[in-house]
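Student: sequence plus predicted model, see below.
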Amino acid sequence: NVEAIGRASGNLRWAYDSFRRLIQMFADVCLGLDHSLFEELLEAVKVEEGARQDTDLNAEAMRTLCTRYLTLFESLSGSPFPSDVRSQLRIAVEAVFKSWNNPRAKKYRALNEIPDDLGTAVNVQTMVFGNMGSDCATGVGFTRNPSTGENVRFG
């Protein structure tokens with residue numbers, strides 16, 4: 001629960017910010033819901049609070065935003081946001097496998113001469129929080145160049 005994570009971390013604002021990011025990304029990536037509608041809610045709360053940036057919103061504003069995100073999610077998807085992490089994981093894994101046959105993936109395979117019968121994989125990893133403060137960030141690193149396969153660090 002978000003409140004418990006906020007208490008344990010000593011940073012309720014960060015806990016709600018992380019939750020609103022989860023809701024928005026899950027809606028977009030797993031269900032294909034329009035992420036711009038969530039961005040519109042974020043912008044509306046920023047205007048209401050007189051905030052220039054997301055980081056200017058306090059814990060209470062983030063809680064309000066999460067409530068609005070959850071309402072929008074249910075309105076768009078027809079069901080409430082799944083609170084069970086196993087359900088979230090199952091839906092996310094299914095989304096990865098379904099993406100193998102989307103038009104973008106098919107075009108990418110055709111352009112790069114990748115056979116259609118290879119399939120895809122799912123990696124599950126611990127989340128890194130880049131939104132805990134000005135001294136935090138996230139990124140992606142590779143042990144090989146993902147474009148060329150060259151054995152050099154990339155990212």
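Tutor: Nice, thanks for sending it over.

Student: tell me where the model's unsure across this protein.
Tutor: 127-128, 130, 132, 135-137 (pLDDT under 70).

Student: what's the nearest residue to A61 once chain neighbours are set aside in contact with, if anything?
Tutor: Distance criterion CB to CB, 6 or more residues apart in numbering; nearest residue to A61, sequence neighbours excluded, is E49 at 4.9 Å. From N, CA and C alone the C-beta is placed, and that goes for glycine too. For E49, the contact set (CB atoms under 8 Å, 6 or more residues apart in numbering) comprises 56-58, 61.

Student: out of these, which sit inside strands?
Tutor: Among the contacts of E49, no member falls in strands (DSSP state E).

Student: just these: which are in helices?
Tutor: A61 (DSSP state H).

Student: mark which of the contacts of E49 are buried, thanks.
Tutor: Using 16 or more other CB atoms under 10 Å as the burial test, the contacts of E49 include 57, 61 as buried.

Student: of the contacts of E49, which is the nearest to E113?
Tutor: L57 (47.1 Å; CB to CB).

Student: does the closest one touch V45 like I think?
Tutor: Yes - with contacts counted by CB atoms under 8 Å, L57 reaches V45, the gap being 6.6 Å.

Student: what's stretch 97-113 in contact with?
Tutor: So stretch 97-113 is contacted by 114-116, 119-120, 122 (CB under 8 Å, 6+ apart).

Student: what's the neighbour count on L33?
Tutor: Counted with other CB atoms under 10 Å, the neighbours of L33 add up to 19.

Student: where do the strands sit along the protein?
Tutor: Counting by DSSP E, the chain contains no strands.

Student: re earlier: and which of the contacts of stretch 97-113 is nearest L33?
Tutor: V122 (20.5 Å).

Student: what do L57 and V45 both touch?
Tutor: 51, 65.

Student: on that earlier part again, and the furthest pair within the contacts of stretch 97-113?
Tutor: For those, and using CB to CB, no pair is farther apart than P115 and V122, which are 19.3 Å apart.

Student: of the two, who's got more company?
Tutor: V122 (11 against 7).
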